[in-house]
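Colleague: Quick one, structure for this:
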Amino acid sequence: MTTIGEPERATQNRIIALLCRHNTDAPDGLGWRYLGDWQKREGNANIEESLLRPWLTARGYAPDVISKAIAELTRAARMEGAKLYEANIAVYDLLRYGVSVSPGPGEAPVTVRFVDWEDVAANDMGVAEEVAIKGKSAKAYNKRPDLVFYVNGIALSIMELKKSTVGVGEGIRQTLDNQSEKFIRHFFTTNQICFAGNDSEGMRYAGIQTPQPYWLAWKEDSDITQPLDRDVTQMLTPARFLEIIHDFTLFDNGIKKITRPNQYFAVKAAQDRVRERSGGIIWQTQGSGKSLIMVMLARWIRENLPDGRILIITDRKELDNQIKDVFGNTGDKVRRAGSGADLMSALASPEDRIVTSLVHKFGKREEGEIDALIAAVQSASHGGPVGDFYVFIDEAHRTQSGKLARAMRQILPEAMFIGFTGTPLLKSDKSTSLETFGPYIGKPYRFDEAVEDGVVLDLRYEARDIEQRVGSHKKIDDWFDENTKTLTPVAKATLKARWGTLQRVLSSRERLNQIAADIIMDMLKKPRLSAGSGNAMLVAGSIPEACKFFEIFKNSGSAVADKCAIVTSYKRNASELTGEEAGLGETDKQYVYKVYDKLLGDQDEEDYEKEALRKFTKEPAQMKLLIVVSRLLTGFDAPTATYIYIDKQMRDHGLFQAICRVNRLDGEDKPYGYVIDYKDLFRNIEDAVDDYTSEAFDGFEEGDVDGLISDRAEKANEDLLGAREAWFALLDPIEQPKGDDEIYAYFSSPHGMTTDPDADEKARRRQALYKIAGRFARTFGTVAEDPAAAGFNDLEMAGYRNEVERALNIRNAVRLHSGDAVDFKLFEPAMRHLIDTYIKADDSEVVSDLDDISLIDLVASKGAGAADDVAAKVGKKKENVAEAIENNVRKLIIDETPVNPKFYEKMSELLADLVKQRHDEAIAYAEYLERIAELVRQAKQGHAEDYPTGIKTAGQKALFDNLGGDAEAARAVDEALRENTPYGWRDNKMKERLVNRCIKNALPEGIDAELIFEIVKAQHEY
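Modeller: Modelled structure (predicted):
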């Protein structure tokens, strides 16, 4: 039983009791021995010889052998001249495989094992608390981890605990701090798993030097409801603890990786199948670590089955490279077959325990030649395959069927086949796949579950439409008539049919320009893209279109121009240009060759691509965009990839894998992967509200893609009705007949904010009004794209359209009446530049006018002539026009008051006097408007007309006005500020105090220095 907020000490006591209460043979104990509180114990270390030596002695090793072995382990753990990662690898290897020690001259070496991995109960499993560790040098600080887990006297893990009201992240950061040079980095050389936990969030775990976002949570069914107790019980039983270290820990290219729960249970299930010699399919969604499952399973087979050999088959070069790299990075020797003959040679060589190959190495031949290949293999001089083969087939949905797959089974008839896939199986292939490989191994790990577990990122989908139109049908008809005079009617019909096909399939350069402009704009405004920490992929419909995109970007003059690359399957070959030249213009083949030749020159395609991919994954700011067609859409893992733009018809596996290129974790500034769809690939999902698998994914079972992408039509229906309900609920409290007067009275302050006791409440109502009206308009716009898909007919849409227009008119009128309108003139030049540069569109139908105007500028420039313009926006009544103007002027005065309080106090008095005169009908309406216009002009100027000599700038005038007209005092303060004000003093407490003292020293007695300080702070010149 735990209590929220109980001290950390109470949590620590409970966890120690859970770990150490009983021996391993007791049903309710975890099997750890309590070593004590080591806070005051001298000489605490990560290798406790007083515990290790007796254990080794009990194992039967001679004293000299033990001394040499401990010396070797201590030397590796000392981290002299090595980085923590390198030292940790060295220690891990000694722990896992032991150390070879020579007892004496001429004697056979003895392998000393520091851990008994097979008989868990034979180990001395101990836990100590408050282990005081001295810093390695005098400059380093001492630290005291909460719990240290010793196995035979070697510290294999530490745990930091926090009380339930302190986030587990604090324990993680504390652990990471401890691994820095300033503290006790040397203690972590033996550490295999780091833990941090509290009672509210449970436990997190990771390898050394793992950044906080990548610490993992364990996930396993349990009857224990208390999160921390559950996690400790599941991960820290001695058997599970040692198993994770031995079988589920990898060092991958500079990163220590501990298994995720989905990987652990997939490998465990596969181990059972291997023992049974029963194949199957492992389905782990894209980005959830499928390649590492292969590595961990292959290593287990290699170490537990003496004759076991692993053949890993892929069907894409990128996947083949990735698999080889992952195995190589983790220290496993891999032979990569370079050709069909090389593959057969590798299969016949038992020393090559792990072999990788492209499936095409089995023979990409014409009808009847597969049999010849198999016969040639069987009669080859190097002999047939040798060993007990386990064949891993990556992306099994593509390589499991057909003659190539059958060829593999003929060459390796006794092999066990395990299929791996990161995508669901197609409905049409599912039964065949399961028959070929066997049933699923373990539970499929689907996309939505991986997102929930934080293993991959959720995807955000956006459809963008760039409509292509024929500018002049007549000109096209004239062209056909002119250019087909010599053709027969049949030939003309054939050519016109070809034109129709091209028109539908090919994108115009103008459309490609629009897409490129979109992407360039995104590069400027999307945070990860503009910051250079993330980048994007663009999927083009064909290689010629990819080349066009590439040229557009290269010639754009934008930040993308020299930071994009094109990666396709195209290889330059001059022979392909034969017969292309007709003297009538450039063909697609000629164009593509020209682009590639200009791009590469004498450079090899592979070298160019290799460098482009290196920059994309390692230096995203230097490679912002990859343009692809079919390459890199599978087996390409780049956490930097954040956006994928799709301008290609895709579906099922191809589409699934493509969009998952952007679901990899990459730090806190990448919350989602973004899919931008220019082909409306999910349109039919909108058309069928209840069918998750229409069109784009209709080849999959519904449950297999659930959660991958939301049903926009159904959401649009719900959103519109919800927004409409919120709008009418907002208007409900307004008094009948809910006309202009009642609406303004409810949302605005007819006689000014300063005299209205409900002004604050009305301001909150207006904010709700702006938000809800905008939401109503946006949701209507979404549904209006395709009303039938959302379940609305034309009559309903007409009614909703009128309601939305009414809502927007109310919103705009209240915004103007209350003085909340934005002065868009400030932004107009920049916005005009954006429009001129990036926008080129068809004429569109305006649903409603969303523009605002500045009444301040209107009144100042037109005086009495502004009345009609204002009336058109807020209502015909003079009263409404006057109130709108007054509220806007009052807002101007309030906003500017800090700059010169005394001056704007006078302006406020003048406005109040004018309002009173209008109410008393003591002034004609036209004269009232002219005097208001003059008041606005003065208010915008910010100061009066006449000032003494030497009072010239706005700051000097503000000081003069607020120092009672004392010109000498104003000049003294101004001079003191100009001589003593430090750079960047605003919002810097120390510098603000200096400025305050400067003002006080310059002011005459009895003046409020704080008031003058606030005025000075509002002036830009100081």
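Colleague: all helices for the stretch 701-850 of the chain, in order.
Modeller: Per DSSP state H, counting those that start in this stretch, the stretch 701-850 of the chain carries helices over the ranges 712-731, 740-747, 759-784, 787-790, 794-818, 828-838.
Colleague: what do you get for the stretch 401-550 of the chain?
Modeller: Using DSSP H, counting those that start in this stretch, helices in the stretch 401-550 of the chain cover 402-411, 427-437, 447-452, 473-483, 489-505, 509-525, 527-531, 543-554.
Colleague: Now find how far off-centre the third one is within its chain.
Modeller: So that's helix 447-452. 14 Å (CA atoms, centre = their mean, to the nearest Å).
Colleague: mind checking the SS state of Phe251?
Modeller: strand (DSSP: H, G, I helix; E, B strand; the rest coil).
Colleague: what helix or strand is the nearest residue to it once chain neighbours are set aside on?
Modeller: Spatially, and ignoring its direct neighbours in sequence, Phe251 is nearest to Ile89 (5.3 Å; CB to CB, 6 or more residues apart in numbering). For every residue, glycine as well, the C-beta is placed using N, CA and C. Assigned by DSSP states H and E, Ile89 falls within helix 84-97.
Colleague: Send me that helix as PDB with only the CA atoms.
Modeller: What follows is helix 84-97, C-alpha atoms only, in PDB (Å, rounded to 0.1, in the frame of the first residue of the first chain):
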ATOM      1  CA  LEU A  84      32.800   5.400 -21.200                       C
ATOM      2  CA  TYR A  85      31.100   3.700 -24.200                       C
ATOM      3  CA  GLU A  86      34.300   1.900 -25.200                       C
ATOM      4  CA  ALA A  87      35.100   0.900 -21.600                       C
ATOM      5  CA  ASN A  88      31.600  -0.400 -21.100                       C
ATOM      6  CA  ILE A  89      31.900  -2.600 -24.200                       C
ATOM      7  CA  ALA A  90      35.200  -4.000 -23.000                       C
ATOM      8  CA  VAL A  91      33.700  -4.800 -19.600                       C
ATOM      9  CA  TYR A  92      30.500  -6.300 -21.200                       C
ATOM     10  CA  ASP A  93      32.600  -8.600 -23.300                       C
ATOM     11  CA  LEU A  94      34.600  -9.800 -20.300                       C
ATOM     12  CA  LEU A  95      31.300 -10.400 -18.300                       C
ATOM     13  CA  ARG A  96      29.600 -12.200 -21.200                       C
ATOM     14  CA  TYR A  97      32.400 -14.300 -22.500                       C
END
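Colleague: So which elements touch that helix?
Modeller: Where contact means 3 or more CB pairs under 8 Å, 6 or more residues apart in numbering; DSSP states H and E, helix 84-97 is packed against helix 63-77, strand 249-252.
Colleague: got the angle between it and helix 63-77?
Modeller: For helix 84-97 against helix 63-77, the angle by axes from the mean of the first three to the mean of the last three CA atoms, to 10 degrees is 150 degrees.
Colleague: Check which residues of helix 84-97 are buried.
Modeller: The neighbour-count check on helix 84-97 (16 or more other CB atoms under 10 Å) flags 84-85, 87-92, 94-96 as buried.
Colleague: Pull the residues that contact the very next helix or strand once past it.
Modeller: Counting by DSSP H and E, the element after helix 84-97 in chain order, helix or strand, is strand 99-101. Residues from elsewhere that reach strand 99-101 (CB atoms under 8 Å, 6 or more residues apart in numbering): 65, 68-69, 72-73, 109-112, 114.
Colleague: now do stretch 624-633
Modeller: Stretch 624-633 has contacts (CB under 8 Å, 6+ apart) with 318, 519, 523, 529, 532, 535-543, 546, 549-550, 553, 559-560, 563-569, 612-613, 616, 648, 654, 657-658, 661.
Colleague: rerun that using 6 Å as the cut-off
Modeller: Residues from elsewhere that reach stretch 624-633 (CB atoms under 6 Å, 6 or more residues apart in numbering): 535-540, 543, 546, 549-550, 560, 563-569, 616, 657-658.
Colleague: Buried among those? Make that a PyMOL selection.
Modeller: In PyMOL syntax, the buried subset of the contacts of stretch 624-633 is picked out as below (16+ other CB under 10 Å):
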select buried, resi 535+536+537+538+539+540+543+546+549+550+560+563+564+565+566+567+568+616+657+658
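Colleague: what sits against the residue nearest in space to the middle of the chain?
Modeller: By CA atoms, centre = their mean, the chain has its centre lying nearest to Lys670, at 2.7 Å. By CB under 6 Å, 6+ apart, Lys670 lies in contact with Thr642.
Colleague: Just the pLDDT at it, thanks.
Modeller: According to the prediction, Lys670 has pLDDT 84.
Colleague: The stretch 51-200 of the chain: strands as residue ranges?
Modeller: Using DSSP state E, counting those that start in this stretch, the strands of the stretch 51-200 of the chain run over residues 99-101, 110-112, 125-129, 147-151, 154-161, 193-198.
Colleague: With mean neighbour count, distance to Met235 and mean pLDDT as added columns, please give those strands in TSV.
Modeller: Converted to TSV, those look like this (neighbours: other CB atoms under 10 Å; distance: least, CB to CB, whole Å; pLDDT from 0 to 100):
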stretch	mean neighbour count	distance to Met235	mean pLDDT
strand 99-101	18	28	93
strand 110-112	16	28	94
strand 125-129	22	14	95
strand 147-151	24	11	97
strand 154-161	24	10	96
strand 193-198	25	8	95
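Colleague: so can I have a markdown table of those showing distance to His1020?
Modeller: Below are the strands of the stretch 51-200 of the chain laid out as a markdown table (distance: least, CB to CB, whole Å):
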| stretch | distance to His1020 |
| --- | --- |
| strand 99-101 | 72 |
| strand 110-112 | 75 |
| strand 125-129 | 60 |
| strand 147-151 | 58 |
| strand 154-161 | 50 |
| strand 193-198 | 49 |
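Colleague: Pick the one among the buried residues of helix 84-97 closest to Asn996.
Modeller: Leu84 (49.2 Å; CB to CB).
Colleague: what about stretch 189-204, how long is it end to end?
Modeller: 20 Å (CA to CA, to the nearest Å).
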